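**Student:** 3D, please:
(chains A, B, C, D and E)
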Amino acid sequence: MSSLQGYVDRERLMETLYVILSPVLYIDRVLVILQDGRVIVGTLAGYDQKSNVVLSDSKERVYSTDEPVEEIPLGLYLVKGDQIVLIGEIDSEKDASTDLSDVRAEPLPAIRY
Amino acid sequence: MDDDSTPPPPANDAPAPPPPALNSGSPTDFLKGVVGKRVVVRLTSGVDYRGVLSCLDGYMNIALEQTEEHVNGRVINRYGDAFIRGNNVLYISAAEAI
Amino acid sequence: MLIFSVFKTLTDQTVIVELKNDLLITGVLKSVDQFLNIRLDNIQISDEVRHPHMIAVKNCFIRGSVVRYVQIPADAVDTQLLEDATRRGSRFCYKRCPKFPD
Amino acid sequence: MLPLSLLNAAQNKPMLVELKNGETFNGHLVNCDNFMNITLREVYQTNPDGDRFWKLKECYIRGSTIKYLRIPDSLLDSVKDEQTRAREAGRSARGSHVSGAGNRGRGGPAHRARGGQTRGGPTRGRGRGRGA
Amino acid sequence: MDTSSAGIQEPFDLIRLSLNERVFVKLRGDRELTGVLHAYDGHMNLIMSAVEETIMVVEPVEGAPHSQGSVNYVKRKMEMLFVRGDGVILVSPPSRT
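**Tutor:** A predicted model of the protein is given here:
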């Protein structure tokens, strides 16, 4: 019984570590695109069958053709599944290496039915 | 918090309504009446399709024959047969006496 | 169910998904579910200059409802098989879509 | 963590709700259900362009019209703590063949939530997909 | 050939009779497709081959209202295509006459 208990404790320890560290180490950061074209980056804290999503430490990236990309901190976000277009896993090195200040682009178009 | 207290069923001992006359009555009677007749199918986009109603199903999907596509009153397309997906349909109206 | 099964046979094939916001995403189809939600790996956005928004994204989940088209490799599909399955399936469809009360 | 568990735990907390048409509602959550229908109290409503405001004592919002909700950050940690404590209580109680502190009544959260006031703590979903 | 004699009891029969035929599909967003139909389901999801897509694009002309903008057609060819059913407005089989 004890080895099983040991395994369970290690499992729970790993899970707690993961939960604490992921926002700090930017693991499991995701990029979510909404139907109105918004781009939100955050830590995927939860989801369900209807792809409703919980994002912690979320930031909205606002794109423009003449100004650098603006990152607006938003905190804890619960996004409805039917509003989501796409959820992308962020490759944190690639993200860190791209300098947002010299990116210029149109905001993404909204979904047109 | 008990959710078994659904409202009591309404008393329905009123006499059953008289059988509907042939062409008045429910929309279903109207639709049964226009099958095989010329109809106008208007979509939510405002485009009209005129043709002979071949058949339709529970989703209001429609099969039309000799179909003309009318936009702002002008015929812009003709199709021998046409399947129209029900979710786009705004209304169906009879184009000839039923 | 039929189209879902077709997509399941296409896993690990490269496909181009066109979204209803006109984004074109090329990637390897990794999985699909009954809502036709799609998971793509090693994605590449066409016209990345105009759409730099997802440069740091390698794998993504796409909701089925926002898909307009999926371009699939022609050699990955047996059209004869598809037609027969559809004809057989269409009898199944009679039971599924409600009949007009006759 | 289930989004609905987080929402249930956010009762009486301030939050911002944006609808699909862009209107926003700032208020404290009174109640919510599994379709994400919610009622808010002391509400500031803003129109999509953000140039007109209304103050409402209480309002009901249908889940299907919601785009997203913004919830105080602190809530995430408090819900996680509660869930770990609930798991702890569950594990320690398991020795005496009593199922965990979670709901044991008939039926899963969906059944209880209809019209009823769900308990403040997160309803522990007991089977997959019972919540929908 | 009048379709009622061809055993059309259900609108979907029209589509079933078009399998392996070149069909015309009208989609939301001013898009039209022609292509050979190989599969469909109850949602009107389609799988077609040898597809040509035509998009009607209205370029606003300075001063003219939107409806009088210059119209041009963008065409695109695709070998094998899945089309999501919720965008489909109309499907027309090749004329039978």
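**Student:** in the chain, which spans are strands?
**Tutor:** Went with chain A since none was named. Ranges of strands in chain A, per DSSP state E, are A:29-34, A:39-47, A:53-62, A:70-79, A:84-90.
**Student:** that's the wrong chain, I meant chain C
**Tutor:** Under DSSP E, chain C gives strands at C:14-19, C:24-32, C:38-45, C:57-62, C:67-71.
**Student:** what strands flank the shortest one, and is each parallel or antiparallel?
**Tutor:** When you say that, I think you mean strand C:67-71. strand C:14-19 (antiparallel), strand E:70-83 (antiparallel) (DSSP bridges).
**Student:** go through the ones you listed and pick out the most buried.
**Tutor:** Ranked by mean neighbour count, the strands paired with strand C:67-71 are led by strand C:14-19 with a mean of 20 (mean count of other CB atoms under 10 Å in any protein chain shown). C-betas here are computed from N, CA, C, even on glycine.
**Student:** let's see the lengthiest helix in chain D as CSV, backbone CA atoms only.
**Tutor:** For chain D, the helix reaching the highest residue count under DSSP state H is reported as helix D:74-94. Provided in CSV are the C-alpha atoms of helix D:74-94 (Å, rounded to 0.1, in the frame of the first residue of the first chain):
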residue,chain,number,x,y,z
SER,D,74,-7.4,35.7,-6.8
LEU,D,75,-10.4,33.4,-7.4
LEU,D,76,-8.3,30.9,-9.4
ASP,D,77,-6.0,30.2,-6.5
SER,D,78,-8.8,30.0,-4.0
VAL,D,79,-10.7,27.5,-6.2
LYS,D,80,-7.5,25.4,-6.6
ASP,D,81,-6.9,25.4,-2.9
GLU,D,82,-10.5,24.4,-2.2
GLN,D,83,-10.3,21.5,-4.8
THR,D,84,-7.1,20.2,-3.2
ARG,D,85,-8.7,20.5,0.3
ALA,D,86,-11.8,18.6,-1.1
ARG,D,87,-9.5,15.9,-2.5
GLU,D,88,-7.7,15.7,0.8
ALA,D,89,-11.0,15.4,2.7
GLY,D,90,-12.1,12.8,0.2
ARG,D,91,-8.9,10.8,0.6
SER,D,92,-8.9,10.9,4.4
ALA,D,93,-12.6,10.0,4.6
ARG,D,94,-12.2,7.1,2.1
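**Student:** mean pLDDT for the strands of chain C - can I get that in CSV?
**Tutor:** Below are the strands of chain C laid out as CSV (pLDDT from 0 to 100):
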stretch, mean pLDDT
strand C:14-19, 98
strand C:24-32, 97
strand C:38-45, 96
strand C:57-62, 96
strand C:67-71, 98
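**Student:** single out the most deeply packed of those strands.
**Tutor:** Most buried among those, counting by mean count of other CB under 10 Å: strand C:67-71, with a mean of 23.
**Student:** how close does whichever residue of chain A sits closest to chain B sit to chain C?
**Tutor:** Residue of chain A nearest chain B, by CB to the nearest CB: A:Tyr113 (10.6 Å). To chain C, A:Tyr113 is 7 Å away according to CB to the nearest CB, to the nearest Å.
**Student:** what's that residue in contact with, if anything?
**Tutor:** C:Lys20, E:Arg28, E:Asp86, E:Gly87 (CB atoms under 8 Å, 6 or more residues apart in numbering or on different chains).
**Student:** go on, C:Pro52?
**Tutor:** A:Val103, A:Ala105.
**Student:** repeat that for the one 10 residues further on.
**Tutor:** C:Ile62 makes contact with A:Val85, A:Leu86, C:Val17, C:Leu19, C:Ile25, C:Asn37, C:Ile38, C:Arg39, C:Leu40, according to CB under 8 Å, 6+ apart.
**Student:** beta-bridge partners for it, please?
**Tutor:** Residues in beta-bridge contact with C:Ile62 (DSSP bridges): A:Leu86, C:Ile38.
**Student:** near chain A, which residues of chain C are found?
**Tutor:** For chain C, the residues in contact with chain A (CB under 8 Å from any CB of the partner chain) are C:19-23, C:37, C:43, C:50-63, C:65-66.
**Student:** near chain E, which residues of chain C?
**Tutor:** Checking chain C against chain E by CB under 8 Å from any CB, the hits are C:1-3, C:6-7, C:20, C:36, C:64-65, C:67-74, C:76-77, C:79, C:82-83, C:85-87, C:89-90, C:93-94, C:96-97, C:99.
**Student:** re the thing from before, of the strands of chain C, which approaches A:Leu55 most closely?
**Tutor:** strand C:57-62 (13.9 Å; CB to CB).
**Student:** please tell me how far D:Ala10 sits from chain B.
**Tutor:** 20 Å.
**Student:** burial measure for that residue, as a count.
**Tutor:** 23 (other CB atoms under 10 Å in any protein chain shown).
**Student:** tell me the phi and psi of B:Leu90?
**Tutor:** Here is the backbone geometry of B:Leu90 (degrees, to the nearest 10): phi -90, psi -60.
**Student:** swap that for B:Cys55, please
**Tutor:** Main-chain dihedrals, B:Cys55, degrees, to the nearest 10: phi -170, psi 170.
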